[in-house]
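Engineer: Take this sequence and fold it.
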Amino acid sequence: MPDSSAPPLPPRYGAPIARSLAKRVMAAAVAEAERHGWPMAIAVVDSTSHLVLFERLDQTQHGSIRIAIDKAKTAVDLRRPTRALEDAVAAGGAGHRVLSLRGVVAFEGGLPLLVDGEVVGGIGVSGMPSALDVQVAEAGAAALAG
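Structural biologist: A predicted model of the protein is given here:
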């Protein structure tokens, strides 16, 4: 009998996101950033954490390039939004262990991309405060449903 106190299993990895689908995700994210005039870096990686597409809008700060890619990779590698890691660190105690994970970004703006409940890739956004980064990432992820 399964242990009902155990956390749910993370979603399974699926096949890497197709370029055509990644382009749809990117277009929606770019449109959201441009609608607000936000200078952002946006990365889409596949289910193996390899970069598929990248956009840097005009006047995006240079540091956001690497951060966006790392947010997307973190979301895929750990199969959860990067906000979950931010929350773990904010909670303190054992949550501080997240800070020792190599290459992990522990703030909002990275989301796994799910198709049929499986992780096919991730999107990472950087350039504005994290709550706005995730707004753009969510717009991109929502394009999967369309």
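Engineer: Quick one: mean pLDDT over stretch 132-144.
Structural biologist: Mean pLDDT, stretch 132-144: 97.
Engineer: List the buried residues of it.
Structural biologist: By neighbour count on 16 or more other CB atoms under 10 Å, the buried set for stretch 132-144 is 132, 133, 134, 135, 136, 137, 138, 139, 140, 141, 143, 144. C-beta coordinates here come from the backbone N, C-alpha and C atoms, glycine included.
Engineer: what about the first one, is that helix, strand or coil?
Structural biologist: Translated: residue 132. Following DSSP: H, G, I helix; E, B strand; the rest coil, we place residue 132 in the helix state.
Engineer: Quick check: closest non-adjacent residue to it.
Structural biologist: In space, and not counting its chain neighbours, residue 132 is closest to residue 38: 6.3 Å by CB to CB, 6 or more residues apart in numbering.
Engineer: how far away is that neighbour from residue 55?
Structural biologist: Note on residue 38: its distance to residue 55, by CB to CB, to the nearest Å, is 12 Å.
Engineer: likewise residue 32?
Structural biologist: The gap separating residue 32 from residue 55 is 12 Å, by CB to CB.
Engineer: Now for the protein: which strand has the highest residue count?
Structural biologist: For the chain, the strand with the greatest residue count under DSSP state E is strand 118-126.
Engineer: Show me what it is packed up against.
Structural biologist: Contact here means 3 or more CB pairs under 8 Å, 6 or more residues apart in numbering; DSSP states H and E; on that basis strand 118-126 packs against helix 19-36, strand 41-46, helix 63-77, strand 110-115, helix 130-142.
Engineer: Give the pairing partners of the second one; include direction for each.
Structural biologist: Meaning strand 41-46. Pairing partners of strand 41-46, with direction, according to DSSP bridges: strand 51-56 (antiparallel), strand 118-126 (antiparallel).
Engineer: Low-confidence stretches in this structure?
Structural biologist: 1-3, 146 (pLDDT under 70).
Engineer: Let me see the contact set for the residue most central in space within it.
Structural biologist: Centroid-nearest residue in the chain, with CA atoms, centre = their mean: residue 110, separated by 2.2 Å. By CB atoms under 8 Å, 6 or more residues apart in numbering, the contact list for residue 110 reads 70-75, 81-82, 122-125, 137.
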